[in-house]
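1. sequence-free structure coming up:
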């Protein structure tokens, strides 16, 4: 499972594809990759299809992998990106004016609008964070992943996850304090 593992072939890259090495790779990496794919596409079935495509491509093309985690995470990310591209092409974008919202008659319309505006501002602030920190922040706060799960998915230490989250919360706190009027 080290960085220089060669999966898929026996010995010194002999022409015989190693079925047991492939099965071992599948068993070891599938659960983690599934969580990552679900995080990326937000759909369990689509995540499963992406993973199937990745492992089928490895099997069919008898791909030799030198760095398992890097290769597999990149392949899943590429599959998720393709999924999103295809989704955008297949479905028409519905303008916000066309969508009828369910109206809560008990809620104050002004309060409802104000809350949506605050949430939008908060998401805009989160989007200003560096990519990695933003991803960790969303995985923890929105998706509910634990520190350990995030560390395993991103192949970083738990301490690094903690550091990104602390810096992310500090960033948000500073921005909110600077823009107090907008968040009242």
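-> Now that the structure is in, tell me what you want to look at. All figures in this text were calculated on a predicted structure; none of them were measured in a lab. Residues are numbered from 1 along each chain as shown.

2. tell me the pLDDT of residue 8.
-> With respect to pLDDT, residue 8 scores 47.

3. do residue 149 as well
-> Residue 149 is given a pLDDT of 85.

4. for it, which non-adjacent residue is spatially closest?
-> Nearest residue to residue 149, sequence neighbours excluded (Cβ to Cβ, 6 or more residues apart in numbering): residue 35, at 6.7 Å. No exception for glycine: its C-beta is placed from N, CA and C like everyone else's.

5. what pLDDT, on average, does the strand or helix carrying the one you found get?
-> Using DSSP states H and E, residue 35 sits within helix 19-41. Mean per-residue pLDDT for helix 19-41: 89.

6. same thing with stretch 47-59?
-> The model assigns stretch 47-59 a mean pLDDT of 89.

7. for that stretch, what is the distance to the chain centroid?
-> In terms of Cα atoms, centre = their mean, to the nearest Å, the centre of stretch 47-59 is set 17 Å apart from its chain centre.

8. immediately after the helix holding residue 35, which helix or strand?
-> Note on helix 19-41: by DSSP H and E, the next helix or strand toward the C-terminus is helix 44-61.

9. list the buried residues of whatever helix or strand comes next after that next one.
-> Sequence-wise, the next helix or strand downstream of helix 44-61 (DSSP H and E) is helix 68-90. Within helix 68-90, the residues scored as buried using 16 or more other Cβ atoms under 10 Å are 68-69, 71-73, 75-76, 79-80, 83.

10. for helix 68-90, packing partners?
-> helix 19-41, helix 44-61 (3 or more Cβ pairs under 8 Å, 6 or more residues apart in numbering; DSSP states H and E).
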